[in-house]
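S.K.: Kindly return the folded structure for what I paste below:
(chains A and B)
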Protein chains: 2
Amino acid sequence: MHPLMRCDRTRKWALENLAMETQFIISPSNISKHLKELSKIGNLGERLEDGFLRASWSDEETAAMEYIRAQGESAGLQGRYDAVGNLFLSTPFDKEENETSTGEVIQIGSHLDTVPRGGLFDGGAGIVAGLEAILAVVKSEKALKRRLELVIWRGEESGTFTTVFKGSKAAFGILDASCLENVYGGVTLRHAIEGQGYDASLIEQGTATLAQDSIDSIAAHFELHIEQATKLEKDNCDIGVVSSIRGPRRFRITLYGEAAHSGATPMGSKYRSDANLCMAHTIVALDGLCSQHIAGGKDLVQTVGIINTDKAVNARHPEIYESAITKVSPLAYFSLDIRSNNKATLESYTQSALSLIQDKADELSVKVEIERVGSSDPLEQLDPCLQDLLEQSARDLGYSSQRLSSGAGHDVAVVAQQRKSDGTTIPTALVFIPCRKGISHNPMEFATDDAIHKGAMVLAQAIGSIC
Amino acid sequence: MHPLMRCDRTRKWALENLAMETQFIISPSNISKHLKELSKIGNLGERLEDGFLRASWSDEETAAMEYIRAQGESAGLQGRYDAVGNLFLSTPFDKEENETSTGEVIQIGSHLDTVPRGGLFDGGAGIVAGLEAILAVVKSEKALKRRLELVIWRGEESGTFTTVFKGSKAAFGILDASCLENVYGGVTLRHAIEGQGYDASLIEQGTATLAQDSIDSIAAHFELHIEQATKLEKDNCDIGVVSSIRGPRRFRITLYGEAAHSGATPMGSKYRSDANLCMAHTIVALDGLCSQHIAGGKDLVQTVGIINTDKAVNARHPEIYESAITKVSPLAYFSLDIRSNNKATLESYTQSALSLIQDKADELSVKVEIERVGSSDPLEQLDPCLQDLLEQSARDLGYSSQRLSSGAGHDVAVVAQQRKSDGTTIPTALVFIPCRKGISHNPMEFATDDAIHKGAMVLAQAIGSIC
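M.R.: Numbering: from 1, shown residues only, chains lettered A, B, ... in the order given. Sure, this is the predicted structure:
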């Protein structure tokens, strides 16, 4: 059986398109051209490595959106901004009037804002690939049963105005209004939105900018993003089909031992209450616990990013600086970031990890304090039909692909959690392409034209199969 | 066989003293009195917890020495300062003229200087106990075949003028003259020595202040010291008979990984080059290696005192402050202090430890740099005859005792390394008494009058058996 047949919805779409022989063509030079033009907007210097700043609702963000709008409109798409300034670039409505139109829309979304000293590709790669994918289908002159729409969300990054997913959340009426008072660059978010000619009142009211029938009409929503990690690069793989988005549980763990003379104090926990040693044993035991769970088939990543280090300007434990080569350490602390794409796994693993930390401390005569510093729930599953579709599209094009979890959140996760009138969620999909060394939120962020082109081709093949 | 008979020298002494029935009596109130008087000299406040500062060759050090001299002389001892200001308080020479005199001397030494904000007991306990032990034997009116002598070495602590064991090294002509230019409190060591009325020229010439025949006449040299660790306290033991003094090998180890997104990067060293995780595995493996060697009967202690922490004012790796909860760490560093009382153990263990560090780094895809930052050799054995003697003395008095290694150096280690004309070394012994929580070099340093009294009693019993 054809893989798309396993799923009711894609079976329907596949049957509709069984006769499809269309090849969608995207010129690699278009990808290069768009990237070159975008690299002149919000750039902090002449070279890519100088980085970018396109703050949320800044002139630079608007200018980048306007460049894409112009490109889309000159190829026949119709652009409109919603009440808060998200941009929707759509195939013409008049095409819907043909007799086969379902009234549905297939979207590809991403963003064009950046973190301060960010790169060109986080968000940008998704918009360029999405635009070219839609234009490729348009140019194929395939009769469209579903409109195609590029969505450029405003203000995805928390790097400006603190809050993440601002535009997409506002579109669905779920952006917490308190963030309007967040300040970046000396102005409030409210002021920035109004400065670009938009209206913060819907955000204040918690009202969606999209009408419910618009939401109900979304047949599928895609996003393409650079991976921001090295799995694809290290596996030499073209396309990542994201199956889920991990959610984190985060902790700060502080261990209290007793200072003692390093030469005079015998080894062993009867004599030494060694915070550093306890920390090392705890981290290794946590690593073992995590490996066990992964071997048991669980999705988990676990990271101790901070050990005994605070910026001097914001030190939580200044006494850490009294440590010495010849002193058994009376204090140690570390951060723990646990993520899973499965909420039950996340909760049960976290429970085991916290017990383990307490047990190790008891065993090694050290006192422990555990502070919870952040958590959010995973998006357990992106749409499985669309995953099959993307995988099949990559296969059709001769590209290598793999399924993987996303460690970072994206606008698509906001869309995935919205309900239609009939109670169903919006089918969503996330495509990853490799980026150099996994670097992101950094001027050294880089993805090749070829990687973006392959991603755009997969998007075109996928939306072309179901539109 | 009586334990002292196992050893030629103590057999001789024991046979000489076989008929000894003398009980040496030390009044606990004398101990209290001396401590009370010393607590008024160089004290930084009214309370013990305010701490002390008696710098090397300061008025305060001299005043403390003068108090002890006055106490000794009023009980019949004779005091004299050597050329650099070490004080020797001896039983009268005229007693040597009795027909049984061997012309030998039995010494008890320690010091009265302190580190800045130090305590009353580091050095002070040894001087008070030594004085009372000698006076107890004198008062017993035992006929002395060997003179008894209390030695108060100048400037033992490196806390002032950087260099350690200054007085005892000068006495034997082995103090490096360059230290005369070291500065503390705005004056050079040379200036401080001259300020107390002594002469730095012998130090410059590398000439001993003690004549060779004085050195040759030392039959035994004892020191009593607070343990500066918690083994005796935790074992509820009265007396530590020190068998050896450990020497250190010290390192700074830096691990270089690669920064990566904590949520997006899969586990395992194919994807993660995690410096913090590699450090934890390395420290745990080192702990296992050390335990193995200890189980195999080796004397070893090993401490990771510093992890990822430098005082901001002197930071070696400022990039450590770019660590984050959500970032796989690209950098970690730690200190390693390895000590043993056996040079061969120290060298072979250090070799194994360094190989292990390299192996772990290779295994976990991390680069490693190892920097050697200090080493000195252990004093492998204090005099075994005197150890037997001290242990027997404790047993005679009904005190608990144990043999242990000293992690810190003491003046007695300088004495132990000196040669007599006949090529033999000076027999030396070190007695430890418990101190509260092992705290030392700290105003909270504390030993009970009872602990010092028991130490003094053991010293009296020991020297009384062989003088």
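S.K.: going forward, measure contacts and count neighbours with C-alpha atoms only.
M.R.: OK.
S.K.: Give me the contact list for stretch A:279-292.
M.R.: Under the criterion C-alpha atoms under 8 Å, 6 or more residues apart in numbering or on different chains, residues A:255, A:300-302, A:304, A:332-334, A:353, A:356-357, A:360-361, B:277, B:279-281, B:283-284 lie in contact with stretch A:279-292.
S.K.: switch the cut-off to 6 Å
M.R.: Here stretch A:279-292 makes contact (C-alpha atoms under 6 Å, 6 or more residues apart in numbering or on different chains) with B:A280, B:H281, B:V284.
S.K.: Narrow the residues you listed to those in helices?
M.R.: Secondary structure defined by DSSP state H assigns B:A280, B:H281, B:V284 of the contacts of stretch A:279-292 to helices.
S.K.: Off-centre distance for stretch A:245-259?
M.R.: 24 Å (C-alpha atoms, centre = their mean, to the nearest Å).
S.K.: buried sites along stretch A:375-395?
M.R.: A:377-394 (16 or more other C-alpha atoms under 10 Å in any protein chain shown).
S.K.: er, stretch A:190-202 actually
M.R.: Neighbour counts over stretch A:190-202 (16+ other C-alpha under 10 Å) mark A:R190, A:H191, A:A192, A:I193, A:Y198, A:D199, A:A200, A:L202 as buried.
S.K.: Next: stretch A:421-437.
M.R.: For stretch A:421-437, burial by neighbour count (16+ other C-alpha under 10 Å) applies to A:425-437.
S.K.: Report the secondary structure state of the residue in the stretch 51-200 of chain A positioned nearest to chain B.
M.R.: For the stretch 51-200 of chain A and chain B, the shortest gap (C-alpha to the nearest C-alpha) falls at A:D122, measuring 13.8 Å. Following DSSP: H, G, I helix; E, B strand; the rest coil, the label given to A:D122 is coil.
S.K.: and it, how many neighbours?
M.R.: By other C-alpha atoms under 10 Å in any protein chain shown, the residues close to A:D122 number 28.
S.K.: Then A:L135?
M.R.: A:L135 has 23 nearby residues by other C-alpha under 10 Å.
S.K.: Please, which helix or strand holds it?
M.R.: Using DSSP states H and E, A:L135 falls within helix A:124-139.
S.K.: cool, A:D396 as well?
M.R.: Secondary structure (DSSP H and E) places A:D396 in helix A:384-397.
S.K.: ok, and the closest non-adjacent residue to A:I218?
M.R.: Of all residues not flanking A:I218 in the chain, A:V105 sits nearest, at 5.0 Å (C-alpha to C-alpha, 6 or more residues apart in numbering or on different chains).
S.K.: wait, A:G79
M.R.: Leaving out its chain neighbours, the residue that sits closest to A:G79 by C-alpha to C-alpha, 6+ apart is A:L89, at 4.3 Å.
S.K.: Was I right to think that neighbour contacts A:L148?
M.R.: No - assessed by C-alpha atoms under 6 Å, A:L89 is found out of contact with A:L148, at 8.4 Å.
S.K.: who touches whatever residue of the stretch 351-467 of chain A ends up closest to chain B in this structure?
M.R.: Residue of the stretch 351-467 of chain A nearest chain B, by C-alpha to the nearest C-alpha: A:G407 (3.6 Å). Counting by C-alpha under 6 Å, 6+ apart, A:G407 makes contact with A:R246, B:G263, B:A264.
S.K.: and chain A, which residues reach chain B?
M.R.: Within chain A, the positions near chain B by C-alpha under 6 Å from any C-alpha of the partner chain are A:229, A:262-265, A:267, A:280-281, A:284, A:301, A:303, A:305-306, A:308, A:311, A:321, A:323-325, A:327-329, A:335, A:406-407.
S.K.: Any quick PyMOL command for the buried ones out of those?
M.R.: Applying 16+ other C-alpha under 10 Å to the residues of chain A next to chain B leaves a buried subset, and the PyMOL line that selects it is:
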select buried, chain A and resi 229+262+263+264+265+267+280+281+284+301+303+305+306+308+321+323+324+325+327+328+329+335+406+407
